[in-house]
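> Here's a sequence, model it:
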Amino acid sequence: MSGVGQYSAFADVAIYAAVRTPWVDLGGALAQVSPIDLGIKVGREVLARAGVDPLAVDSVLAGSMAQASFDAYLLPRHVGLYSGVAQSVPALGVQRICATGFELLRQAAEQLRDEVQLALCVASESMSRNPIAAYTHRDGFRLGGEVQFKDFLWEALYDPAPGLDMIATADHLARRYGLSREAVDRYACESHQRALQAQRDGAWAEEIVTVDNQVFELEGYQPRGISLARRAAAVTQDSHPLPTDLAALSRLRAVHANGVQTAGNSCAVVDGAAAALVGRASACTRPALAQLLASAVVGVAPEFMGIGPAPAIRLLLQRSGLSLDEIGRFEINEAQSAQVLAVAQELQLDNARLNVQGGSLAVGHPLAATGLRLVMTLARQLRRHNLRYGIAAACVGGGQGMALLIENPAYRG
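Numbers count the residues shown, from 1 in each chain. The predicted structure is shown next:
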């Protein structure tokens, strides 16, 4: 259907296993670790979790947004090689900004239509290692000329098409949907409270793997490895969820005058990596984590980019023949509080089914890796509560939205 987005339905596609590192605050214990090494860590771990020989993998798909190391071009290839995948297996870099994790799964499912039997999907992001960059000085510096080095982490938030940064696009949505500062702060407070409760309940324990100092060997090649900062011996859980209250959030200054978005009701900046092993459901010898049924991706106006999940979810439901009431859980990335509330209002989503373990406001948003986290968190919720269908979705900078539909293979009606 031209002009309404892209929809793909999948048959016999399963997520065998999925894991992630803890999400660690900017400048924390993971700050000096290359995203390649974080990716190798989760790549190795997900294969072990699935009980799959790395030599059985037919395809490596990997994504990372920022060029956070000088060997960044090699990220997909090195993740595959150092995870033990056969040297003859190709690797592909994938990028759809905040929906990169979803796109990895979509492309893996597409590859399974052909000769691929098993695809290793890895997403890794070091926000701490985003560079201070210059793009205009290759020919040197003119005497008395302007020297332009800028913070890539900050400047990448700006979209020159509408002339707005991501925070301003959320403020646009707040005005369009009548969202007050109190409403967005209240939602952020609830996200933190839900995340803290999920952490206390061990809701993420199955998906998080401990990251410690280690070396990755590859016969015939140079070793790689992880060396944690701040003299840390190991990292075991997400670092950002912290107790807060509405009063504390309300005292924070808005990023833009007359806006509602602050540092407290926008996503946390963190480092982390995630991985999933995707294969044919019919060939899975262990209980699969989830079945991947469909994906939808749409474009929206860049100045209202945060609304992207709404039309993506609508397209997903329309083409799959399901209704909102049939979806047991929704995991929608919390880029900004106003953005999630606008999507929820647009779709009339039930708060009791939306981000019930908190979201990126509390846990953090390592760009490429977030989509995989949303899916694995969603899949485990479906299994824990015996729910059949779930949808994970995210907005995408530049004006896109993407959503995935998964099914609980252990569902008992």
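> which stretches of the protein have low pLDDT?
Within the chain, the stretches with pLDDT under 70 are 1-3.
> Now do the helices in it.
With DSSP state H, the ranges of helices along the chain come out as 35-50, 75-82, 100-111, 152-155, 166-176, 181-201, 246-250, 309-320, 337-347, 370-384.
> would you turn the ones you listed into CSV with mean neighbour count?
Yep, even glycine has a C-beta here, placed from its N, CA and C like the rest. Listed next are the helices of the chain as CSV, based on neighbours: other CB atoms under 10 Å:
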stretch, mean neighbour count
helix 35-50, 26
helix 75-82, 24
helix 100-111, 26
helix 152-155, 14
helix 166-176, 23
helix 181-201, 20
helix 246-250, 14
helix 309-320, 23
helix 337-347, 25
helix 370-384, 26
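> Mind checking these for the one nearest to residue 331?
In terms of CB to CB, the element of those nearest to residue 331 is helix 370-384, at 4.3 Å.
> hmm, back to that, can you put the helices of the chain in JSON lines and add distance to residue 408?
Converted to JSON lines, those look like this (distance: least, CB to CB, whole Å):
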{"stretch": "helix 35-50", "distance to residue 408": "18"}
{"stretch": "helix 75-82", "distance to residue 408": "29"}
{"stretch": "helix 100-111", "distance to residue 408": "16"}
{"stretch": "helix 152-155", "distance to residue 408": "37"}
{"stretch": "helix 166-176", "distance to residue 408": "32"}
{"stretch": "helix 181-201", "distance to residue 408": "19"}
{"stretch": "helix 246-250", "distance to residue 408": "35"}
{"stretch": "helix 309-320", "distance to residue 408": "15"}
{"stretch": "helix 337-347", "distance to residue 408": "21"}
{"stretch": "helix 370-384", "distance to residue 408": "4"}
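> what about those, which gets the closest to residue 222?
Evaluated with CB to CB, these place helix 75-82 nearest to residue 222, the distance being 10.2 Å.
> re the thing from before, looking at the helices of the chain, spot the one closest to residue 217.
That would be helix 75-82 among the helices of the chain, by CB to CB, at 8.3 Å.
> For that closest one, enumerate the helices and strands it packs against.
If contacts are counted by 3 or more CB pairs under 8 Å, 6 or more residues apart in numbering; DSSP states H and E, helix 75-82 sits against helix 35-50, strand 59-63, strand 91-93, strand 118-125.
> cutoff 6 Å now
In terms of contacts (3 or more CB pairs under 6 Å, 6 or more residues apart in numbering; DSSP states H and E), helix 75-82 is packed against helix 35-50, strand 59-63, strand 91-93.
> what packs against the last one?
When you say that, I think you mean strand 91-93. Where contact means 3+ CB pairs under 6 Å, 6+ apart, strand 91-93 is packed against helix 75-82.
> on that earlier part again, which one of the helices of the chain lies nearest to residue 303?
Judged by CB to CB, the one of the helices of the chain that comes nearest to residue 303 is helix 166-176, at 5.7 Å.
> How about residues contacting that closest one?
157, 255-256, 259-261, 303-306, 336, 338-339, 342 (CB atoms under 6 Å, 6 or more residues apart in numbering).
> relative to helix 337-347, how tilted is it?
Orientation note: helix 166-176 sits at an angle of 40 degrees relative to helix 337-347 (axes from the mean of the first three to the mean of the last three CA atoms, to 10 degrees).
> what about helix 166-176, distance to the chain center?
21 Å (CA atoms, centre = their mean, to the nearest Å).
> Residue numbering should commence at 49 henceforth.
From this message on, residue numbering opens at 49, which makes the last subject helix 214-224.
> Need the CA coordinates for that helix. PDB is fine.
What follows is helix 214-224 as a C-alpha-only set of coordinates in PDB (Å, rounded to 0.1, in the frame of the first residue of the first chain):
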ATOM      1  CA  MET A 214      14.500  16.300  19.900                       C
ATOM      2  CA  ILE A 215      13.400  18.000  23.100                       C
ATOM      3  CA  ALA A 216      11.700  20.800  21.200                       C
ATOM      4  CA  THR A 217       9.800  18.200  19.100                       C
ATOM      5  CA  ALA A 218       8.400  16.800  22.400                       C
ATOM      6  CA  ASP A 219       7.400  20.300  23.500                       C
ATOM      7  CA  HIS A 220       5.500  20.600  20.200                       C
ATOM      8  CA  LEU A 221       3.600  17.500  21.000                       C
ATOM      9  CA  ALA A 222       2.900  18.800  24.500                       C
ATOM     10  CA  ARG A 223       1.200  21.800  23.000                       C
ATOM     11  CA  ARG A 224      -0.700  19.900  20.400                       C
END
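> can you state the direction angle for that helix and helix 229-249?
120 degrees.
> Touching, residue 344 and residue 361? I think so.
No. In this structure, residue 344 is not within contact of residue 361 by CB atoms under 6 Å, at 7.5 Å.
> Report the contact partners of residue 316.
288, 412.
> again, only using 7 Å
73, 288, 408-409, 411-413 (CB atoms under 7 Å, 6 or more residues apart in numbering).
> In TSV: those, plus neighbour count.
Below are these laid out as TSV (neighbours: other CB under 10 Å):
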residue	neighbour count
73	19
288	22
408	29
409	30
411	31
412	29
413	25
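> Can you give me the neighbour number for residue 198?
Here the number of neighbours of residue 198 (other CB atoms under 10 Å) works out to 13.
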